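Asker: need a structure here:
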Amino acid sequence: MKNSYRRLLSFALVLVLILSTAAVLSGCYVTRSAKMKFVEGTYELTSYSGDSNWLEERGIKLIMVIRSDGTGYYGYKDNTTDGFISELRCRFTQDTEDSSKYQYVEVDFTGNGEYHQLGINADWRTQKLGSSTAKWKGNLFQGTAEIDYYISVGFTRISKKTDRSVLDEHFPGEHQTVVYGMQKYQGTYEFERCDGGIYPDVVGYVPPSPFVYFYLNIDFYDGTGKAYYMLTKDEVAKEVEISVKAIKNDDGTFSVHVGEVVGKLLEENFSRYIHLPRTNPEYMKLRYVGDMSHESIVVHCENAYAVYLAGLDVSQ
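Answerer: So this is what the prediction gives:
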């Protein structure tokens with residue numbers, strides 16, 4: 001399975017640099033409001049620079065589709081990140097002087113509710129989105145603050161199409177579309193306990209675990225996963241690659257296909273979980289523990305086995 005940790009980290013950093021205003025004091029948007037027919041469509045990131053030409057240096061390719069209904073897609077890759085396609089959400093700000101036109105578009109790429117604003121500069125000839133944001137250095141309170149450079153971002157509309165067809169041309173091959181909102185579930189899960197079964201009516205009863213350890217690493221971008229586990233009955237370490245796919249249900253909840261098993265993705269007590277059915281009605285409860293690398297998971301598995309061995313009753 002490809003390194004999903006590196007992929008997520010790389011893409012997250014790029015989005016922060018491209019569109020975030022968290023580290024700056026001011027932003028500038030060159031706008032020319034336009035009707036929606038000149039705004040929605042397929043755009044390519046055609047300029048991205050700061051203290052150098054970052055677009056060229058990092059080999060970034062970012063193409064997005066924005067639609068008037070607030071939905072869309074984007075495809076992304078760079079020098080260290082494999083190409084993938086995901087859903088996005090967008091929203092538009094009307095021109096205060098002409099309500100039939102739009103002045104800004106905001107885009108949420110990762111599904112975490114953070115929208116990033118771009119100015120619309122469009123007419124019947126050319127359609128562009130962009131921003132220019134000052135990156136400061138020094139200390140504002142000590143009177144040493146000054147502009148270091150500007151982070152400039154530019155998107156150019158390359159098609160009026162609002163489907164995935166242009167994306168598929170630029171990102172050939174079979175790409176599973178990552179469902180909007182799924183990015184936060186990307187990563188590694190650890191077996192916490194079995195739950196939901198018919199157990200003795202004893203306060204605090206926890207059914208015995210069949211595992212010495214169990215970790216499930218999921219990469220929704222390429223539709224692969226890997227299970228790392230050891231059963232208590234044989235103490236044999238295993239690594240099994242499996243297919244994964246996320247589904248958004250009609251009621252807004254998420255399901256995940258792990259091989260042939262269909263589980264639930266949900267949040268409980270400020271943590272993310274996967275519930276995988278085991279025997280009706282019992283399920284395995286897996287808790288999200290971050291986006292761990294293969295090497296890190298292996299270390300956790302070895303440590304878990306050492307703890308298990310240390311707890312055995314050697315007199316039996």
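Asker: next, the spatially most central residue of the chain: phi, psi?
Answerer: Nearest to the mean C-alpha position of the chain, counting by CA atoms, centre = their mean, stands Q183 at 2.8 Å. Dihedral pair for Q183: phi -60, psi -40, per degrees, to the nearest 10.
Asker: can you pull the pLDDT of it?
Answerer: On pLDDT, Q183 comes in at 80.
Asker: pretty sure it is touching T110, no?
Answerer: Yes - Q183 lies in contact with T110 (CB atoms under 8 Å); the separation is 4.8 Å. Every residue, glycine included, has its C-beta placed from N, CA and C.
Asker: one step back: who's in contact with the residue nearest to the centre of the chain?
Answerer: 8, 86, 110-112, 220 (CB atoms under 8 Å, 6 or more residues apart in numbering).
Asker: which of those residues sits closest to L265?
Answerer: Within those, the smallest distance to L265 is 10.3 Å, found for F220 (CB to CB).
Asker: ok, that closest one to D168 distance?
Answerer: Noted for F220: a distance of 18 Å to D168, by CB to CB, to the nearest Å.
Asker: these two: which has the busier surroundings?
Answerer: Just comparing F220 and D168: by other CB atoms under 10 Å the higher neighbour count belongs to F220, 23 against 15.
Asker: per-residue pLDDT, the more buried one?
Answerer: F220 carries a pLDDT value of 86.
Asker: please report how far it lies from V256.
Answerer: Distance of F220 to V256, given as CB to CB: 9 Å.
Asker: one more: G83?
Answerer: Going from G83 to V256 by CB to CB gives 22 Å.
Asker: between the two, who's got more neighbours?
Answerer: V256 (22 against 18).
Asker: average pLDDT for the helix or strand hosting that one, rounded please.
Answerer: Per DSSP states H and E: V256 is located in strand 254-258. For strand 254-258, the mean pLDDT works out to 93.
Asker: what helices or strands is that strand leaning on?
Answerer: Contact here means 3 or more CB pairs under 8 Å, 6 or more residues apart in numbering; DSSP states H and E; on that basis strand 254-258 packs against strand 211-219, strand 237-248, strand 261-268, strand 271-279.
Asker: now it, how far from the chain's geometric center?
Answerer: Relative to the chain's own centre, strand 254-258 is displaced by 16 Å; criterion: CA atoms, centre = their mean, to the nearest Å.
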